[in-house]
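S.K.: output the structure for:
(chains A and B)
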Amino acid sequence: KNEVEQSPQNLTAQEGEFITINCSYSVGISALHWLQQHPGGGIVSLFMLSSGKKKHGRLIATINIQEKHSSLHITASHPRDSAVYICAVGRPGGGADGLTFGKGTHLIIQP
Amino acid sequence: DARVTQTPRHKVTEMGQEVTMRCQPILGHNTVFWYRQTMMQGLELLAYFRNRAPLDDSGMPKDRFSAEMPDATLATLKIQPSEPRDSAVYFCASGLVRDGENFSGANVLTFGAGSRLTVL
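M.R.: Got it, this is the predicted structure:
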């Protein structure tokens, strides 16, 4: 079983829809990252959070430490939001193994 | 706008050839990671440097892969000889970790644009 599981793997929605991408993890973490990867490959860090909720523009990330679960929401989705969204977790205690990544959620927003 | 610079962006080579990928981390960052991304495995850690010293390269096939930081502004990942199964996108990421601490994941990493390698 992967330590970081994302759902759904693929999501196609219409412009304007409210989008939710989920991430569950099975290990203790120091922080959880949401990353965005557009076609063409570059990876951009969207959020890093260890509790509660963060908001940036139309993007909202939440985390529930007790349930080991995080969600990424996109409000008023737009075709330019089409990308792969990757959840990654970091370990507490100074583990020297970088981040552990989910397999990503492929999001397509149709006009 | 500080960024991590990777070269080449694309590389097509024949099996058996040597491939060298380069990464210029953000000035002042003291941690550098090399990741490999494939459709099947997603993102996997290959190597991790702190203050130019390799701390973890357990994810890297040692017989053909090598990673170095000749200086603080350059990290290299070399594959010799390359094989078709090495075809992937290779990402470099850098971050800043305070002295006396280890990377815990609660540090922001900045990723480069990646080097797409195709080995024929």
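
S.K.: show me what counts as buried in the lowest-mean-pLDDT helix or strand in chain A.
M.R.: Least confident element among the helices and strands of chain A, by mean pLDDT, DSSP states H and E: strand A:99-101 (a mean of 86). Within strand A:99-101, the residues scored as buried using 16 or more other CB atoms under 10 Å in any protein chain shown are A:99, A:100, A:101. From N, CA and C alone the C-beta is placed, and that goes for glycine too.

S.K.: now those in JSON lines, with distance to chain B?
M.R.: Converted to JSON lines, the buried residues of strand A:99-101 look like this (distance: CB to the nearest CB, whole Å):
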{"residue": "A:99", "distance to chain B": "6"}
{"residue": "A:100", "distance to chain B": "8"}
{"residue": "A:101", "distance to chain B": "4"}
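
S.K.: tell me the one of those nearest residue A:54?
M.R.: residue A:99 (17.5 Å; CB to CB).

S.K.: okay, now the residue in chain A that chain B sits nearest to: neighbour count?
M.R.: The nearest approach of chain A to chain B comes at residue A:90, 0.7 Å away (CB to the nearest CB). Residues lying near residue A:90 (other CB atoms under 10 Å in any protein chain shown) number 23.

S.K.: repeat for residue B:29
M.R.: 18.

S.K.: next up, the contacts around it.
M.R.: Shown in contact with residue B:29 (CB atoms under 8 Å, 6 or more residues apart in numbering or on different chains): B:94, B:95, B:96, B:110.

S.K.: give me the buried positions along stretch A:64-84.
M.R.: For stretch A:64-84, using 16+ other CB under 10 Å, the buried residues are A:68, A:70, A:71, A:72, A:73, A:74, A:77, A:81, A:82, A:83, A:84.

S.K.: if I look at the residue nearest to the fourth one when sequence neighbours are not counted, what pLDDT would I see?
M.R.: Of all residues beyond its chain neighbours, the one nearest residue A:72 is residue A:21 (4.5 Å), with distances taken as CB to CB, 6 or more residues apart in numbering or on different chains. With respect to pLDDT, residue A:21 has a value of 98.

S.K.: one more: residue A:2?
M.R.: pLDDT at residue A:2 comes out at 75.

S.K.: so it sits in a helix?
M.R.: No: secondary structure assignment (DSSP: H, G, I helix; E, B strand; the rest coil) places residue A:2 in coil, not in a helix.

S.K.: list the contacts of it.
M.R.: A:102, A:103.

S.K.: for residue A:31, what are phi and psi?
M.R.: As for residue A:31, its main-chain torsions (degrees, to the nearest 10) stand at phi -160, psi 160.

S.K.: ok, what's across the strand from it?
M.R.: residue A:90 (DSSP bridges).

S.K.: same question, residue B:47
M.R.: Beta-bridge partners for residue B:47, by DSSP bridges, are residue B:34.

S.K.: what about it, how many neighbours?
M.R.: The burial count for residue B:47: 25, using other CB under 10 Å.

S.K.: also the one 10 residues further on?
M.R.: Residue B:57 is flanked by 17 other residues according to other CB under 10 Å.
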